[in-house]
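A.B. asks: Quick check, what structure comes out for this input:
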Amino acid sequence: MVSPPLRRENGYRSCNERHLEELTLLRQARQVGFNLEECRELVALFNDHGRHSADVKRRTLNKVEEIETHIAQLTQMRQHLLALANSCPGDQGADCPIIDNLAGCCDRSHLTGSPH
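C.D. replies: Got it, this is the predicted structure:
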């Protein structure tokens, strides 16, 4: 993934500016959601002086679409959980619509936002 650093005679690794740039690229790419394989591809593009910025932009926009899909899924999950919580009296009784719903043993039609 990252170019291997040079070894000095004493066995220590010697990193140059390019190594630091690669490591910074990896850290920043991970922080914005790129997975390890995507990071590997980005480092390869970083080191490819014949790269096209269109390739990097396409990968970035693909990641944005992936994140937007994930956000939509998380939003649906949140809505479902809130509907479950709203259906539960939250009292000292044993009857729990949340458990019943998650176990699939009740009518879910009264829960808004339920994916079923």
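
A.B. asks: Which parts of this structure are strands?
C.D. replies: Assigned by DSSP state E, the chain shows strands spanning 6-7, 13-14.

A.B. asks: By mean pLDDT, show me the worst of the ones you listed.
C.D. replies: Averaged per stretch, pLDDT over the strands of the chain is lowest on strand 6-7, reaching a mean of 58.

A.B. asks: quick one: the spatially most central residue of the chain from His70, how far?
C.D. replies: For the chain, the residue lying nearest the average C-alpha position, counting by C-alpha atoms, centre = their mean, turns out to be Gly33 (5.0 Å). Look at Gly33 and His70: by C-beta to C-beta, to the nearest Å, they are 9 Å apart. No exception for glycine: its C-beta is placed from N, CA and C like everyone else's.

A.B. asks: do Asn101 as well
C.D. replies: As it turns out, when the distance is counted by C-beta to C-beta, Asn101 lies 24 Å from His70.

A.B. asks: Return the backbone torsion pair for the closest residue to Cys96 other than its chain neighbours.
C.D. replies: Nearest residue to Cys96 in three dimensions, chain neighbours excluded: Cys88, at 6.0 Å (C-beta to C-beta, 6 or more residues apart in numbering). When read as degrees, to the nearest 10, the backbone of Cys88 gives phi -100, psi 130.

A.B. asks: For Cys88, which residues are in contact?
C.D. replies: Cys88 makes contacts with 96-98, as judged by C-beta atoms under 8 Å, 6 or more residues apart in numbering.

A.B. asks: Let's see that with 10 Å instead.
C.D. replies: Under the criterion of C-beta atoms under 10 Å, 6 or more residues apart in numbering, the contact partners of Cys88 comprise 95-101.

A.B. asks: Give me the buried subset of those.
C.D. replies: For these, a burial check counting by 16 or more other C-beta atoms under 10 Å picks out 96-98, 100-101.
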